Structure formats: structure tokens, C-alpha cells
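Here is my input, please return the structure:
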Amino acid sequence: MKTRLTLVAAATLLAAANGAGAATIAGTQITNQASATYTDSTGTKTVQSNVVVTTVQQVASLTLNNGTAKSAAAGATVTYSHTVTNTGNGPDTFALSQTNSGALAMTGVVFYVDADGNGAADNATPVTSTGQLAPGATYRFVAVATLAAGSTTGATNSMVVKATSAFTGTVNATATDTTTVGAGALIDMTVNAPGATALGNGQGPEAAALENKNTIAGAATAFTIYLNNTGGSQETFALAASTDVNFGALTLPSGWTVVFKDVNGQVITNATVAAGANVKVTAEVTPAAGATVGTTDIWFRAQSTTNPAVSDRIHEAVTIVAGESLLELVKTQGLDADCNGVIEGELTKDPIAAAPGACIRYRIVATNKGLTTMGAVVISDNVPANTTYHTGAAAQTVLGSILAPVASGVVSTVSATGFNLAPGASNTLDFGVRINP
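As a prediction, this is how the structure comes out:
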């Protein structure tokens, strides 16, 4: 009698699936059983081996964001933002510590929670640990230190921030923050967001306008500007606008006005910015009532009130369109951390922070600023890269119909279509996305 054998090994994962490339969660049981089929004189037969089980053990792993470098004046306080992410496959707690060295002495270094990731302490309670973090969870905190009074200009300090696993004490990650005693203030103007990655970063003026805002004659339009003091001391900066890139004179077209406002909407002519900090300013530009259709370049300047050599300029533009046809589009966003379709806090034009897996709600408001009714208006927005349309809280509009992605994500835009806008009327498109975990 001849017998033919075929062997097959079958593996079944008895746990919730983790995304491709993700660490398998500790405690997951992997079962494996082999089977064989063979043929003898009575036909085809199948037999199975015993089942073997492997339980995935916990492995500690973490990441700590890269350190940053700042300048500050002697006696000033500096704040460094950090994030710890549990990249292990089980819950873990990470102890926080620091050491610092260098010619510059740093005193009273303290860690504070910064849950919203805005670079500022949430409260005055020091922390020394992240508390327990689930796999993939991120903890945000800031390290706050004071430069010793009388420190020498140019002296530096290296502060090594360390996070250590409680599960495996030999597993840790570090980031080095470098602080230099600065000689004075430095100014860099950016638009719509602060910091080194924002539009307009670097000493100006830019060759081309960073933004071109449409308006009609006699109607104001607004630019959002950030004053970033990258130097080592607090300074007050005078604000100005001109159509002369070199500011040989503070010239504007006849009948035009520019008004600067602070975050509270108060009219200002200068702004005080602490070392290493930034201040948000709104520049409202109002063309003359009889201004002709066309584009006008305009530059904004921030200049130290004590040292005129410390200044920066930023290049913007205003286009006046025909009065009967002007659609204003304003977009805001808010954090929906638990993805229930309701934002925590308020909608804002400003940058926000959100963890992987959280949701962001967007609101786009279209307003007819012209003199005649607009027909067949469409509001459209793209689902950003690294996010997925939030099907759990569908898009909404006041007027028209919604076109939105299906669960499979074939469509990558969200639109409100098929509506008209009378002069002064508005329509709103709301939708959400989830940051890919």
C-alpha cells in the first residue's frame, strides 16, 4: 500500500489585530497547530498535531523627542517642550530626570505637565514621572529652568533630559537641550503660526508676497503675524506698514489704513516680546473706498524701540476685486480628542496639538461680501495627509448638500454644493478627520 503525505502548519493569532508594523501587545497568545493529509487504500485522511501556545512577553521601549536650542538673558527663565511615547508592547511608567553641565549654570530645573502641547506648563505642580502610559500613548511635558544671574554672554549649558522605563530599568531615552546666554533681542516675523517652520521664517523681506488677500474697496482684510524673539532678552518692538520695502517712508496708498491689534482685539502700535517667546498680532488693512481693482504689495515691520538695527520685515499683498463679487472664506479648527464629534475648547485659526488617534474638527465659513447674489457656490476641503475622514461624526452644512468620503476613503475631499448666497449671507461646512495612529 502506498501512502502520500502533505504537511500544513496553521497559526492563529488570538488577540485584537495591531496595525502593520505595530508591536504585538504583551499577553497576546499565539497558537500554532500542524496538520497532515495523506492517502491510503481507503482514501484521503487528515490528522492534526497538538496545539502549542506562545504568550507574547512585554518589552520596554520608548522615544523622547529631540532636544532644542535657545538663547536667553542672564537671570531669565527658559522652557523646553518634550514628549515621551511608549513604543513598547505593554503599559509602562517612565521616570523623568535631568542633568546639566557647562559654563552656564542652570538652577531649579523643574518638569511640568503640558498636556495640550502648547509649550507652556498646564499648572504649577512639578512632576517626576509620566504615570502609566498605554502602548502607543504619548506624555507631554516641559522642562523649566532659570539662567544664573550674572552669567557671561555666550556661555552655554547642556541639559540632558532622561526618561527611564519602570518595567525595565536599563531602557531609557535622552534629549539634550542647549541654552546660550544671549546678548540681546532678535526678531523674526512669521505668518499664521510661530516658530522656525512657519511661513516667512528667516530675516526678510521675502521676494514674493507670502499671502494675497482679496477684498473690495473700503472693506478691511486681516493678516495674522507672529513676532518671534529668538534673542536673549525681552524687547519692545514698534509696528509699522508701508508699500516701500525699505521703509524709506511709511507710505500707503491714499486713503488706505493699517491698524495693528493684539490677541484681545485692542489697537496697539508696539508689542513686548520676552526672550525665546512669540506674540500674535493682527494687521487689519483697509483700502480706500474709491480704490481701483488691482494688487498692492505691502510690507509689515517690527523694529526694536531701543536698537533700530534689530528689526524684520514681512511681505504680504492685498488684491481689490470688483465690488459685486467677493467671497470670503474663513477656516477654523478644534481638538476632538475622544472623537465624539464635539470639540474640547473653542474653534481657532491658530495651530493646535493633537495625539495620534485623536480627531480634529474643521469649520469653513463662506460669506458673500459682494453686492450681488452668488449662484452654484461650492465649499470644498481636502482630507489632510496622515488623517482619515471621521465617518463617526458626519460632515454638516447649513445650505446645499454634502459630498464626503465613504468608509473606504476613495474620495479625498469634503464639499458643500448646490447653494446660493445673497449679499451678506453665509454658509458653513463642518467636518472631522482622525489622525492616523
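
wait, Gly345 sits on Asp336?
No - in this structure, Gly345 is not within contact of Asp336 by C-beta atoms under 8 Å, at 10.0 Å. (C-beta placed from N, C-alpha, C; glycine too.)

tell me what the helix or strand harbouring Asn427 is packed against?
Here Asn427 sits within strand 426-435, counting by DSSP states H and E. Helices and strands touching strand 426-435, by 3 or more C-beta pairs under 8 Å, 6 or more residues apart in numbering; DSSP states H and E, are strand 359-368, strand 374-382, strand 387-389, strand 396-397, strand 413-421.

Show me the strands paired with that strand, marking each as parallel or antiparallel.
strand 359-368 (antiparallel), strand 387-389 (antiparallel), strand 396-397 (antiparallel) (DSSP bridges).

relative to strand 413-421, how tilted is it?
170 degrees (axes from the mean of the first three to the mean of the last three C-alpha atoms, to 10 degrees).

Now strand 426-435: buried residues?
By neighbour count on 16 or more other C-beta atoms under 10 Å, the buried set for strand 426-435 is 427-435.

swap in stretch 62-71?
62, 64-65, 67, 70-71.

before we move on, what about stretch 139-158?
Judged by neighbour count (16+ other C-beta under 10 Å), stretch 139-158 contains these buried residues: 139-147, 151, 155, 157-158.

Restricted to strands, list those.
139-147, 157-158 (DSSP state E).

from those residues, which two are the most distant?
The most widely separated members of those, counting by C-beta to C-beta, are Tyr139 and Leu147 (26.3 Å).

tell me how far the ends of stretch 320-329 are from each other?
End-to-end span of stretch 320-329 (C-alpha to C-alpha, to the nearest Å): 16 Å.

And for stretch 86-99?
Stretch 86-99: ends 22 Å apart by C-alpha to C-alpha.

Please work out the average pLDDT along that stretch.
Stretch 86-99 comes out with an average pLDDT of 95.

Please apply the same query to stretch 69-77.
Stretch 69-77 shows a mean pLDDT of 74.

Stretch 329-349 too?
Stretch 329-349 comes out at a mean pLDDT of 89.

just to revisit the earlier point, out of the buried residues of stretch 139-158, who's nearest Trp256?
Nearest to Trp256 among the buried residues of stretch 139-158, counting by C-beta to C-beta, is Val142 at 42.5 Å.

just to revisit the earlier point, tell me how far the strand holding Asn427 lies from the chain's centre.
18 Å (C-alpha atoms, centre = their mean, to the nearest Å).

Just the CA trace of that strand, in PDB.
C-alpha atoms of strand 426-435 as PDB (Å, rounded to 0.1, in the frame of the first residue of the first chain):
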ATOM      1  CA  SER A 426     -23.000  82.900   4.900                       C
ATOM      2  CA  ASN A 427     -22.900  79.100   4.700                       C
ATOM      3  CA  THR A 428     -20.900  76.700   7.000                       C
ATOM      4  CA  LEU A 429     -19.200  73.400   6.300                       C
ATOM      5  CA  ASP A 430     -18.200  71.300   9.300                       C
ATOM      6  CA  PHE A 431     -16.400  68.000   9.200                       C
ATOM      7  CA  GLY A 432     -13.800  66.000  11.100                       C
ATOM      8  CA  VAL A 433     -10.700  63.900  10.500                       C
ATOM      9  CA  ARG A 434      -8.900  61.300  12.600                       C
ATOM     10  CA  ILE A 435      -5.100  61.400  12.900                       C
END
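
Before I go, just wanted to say thanks for your time.
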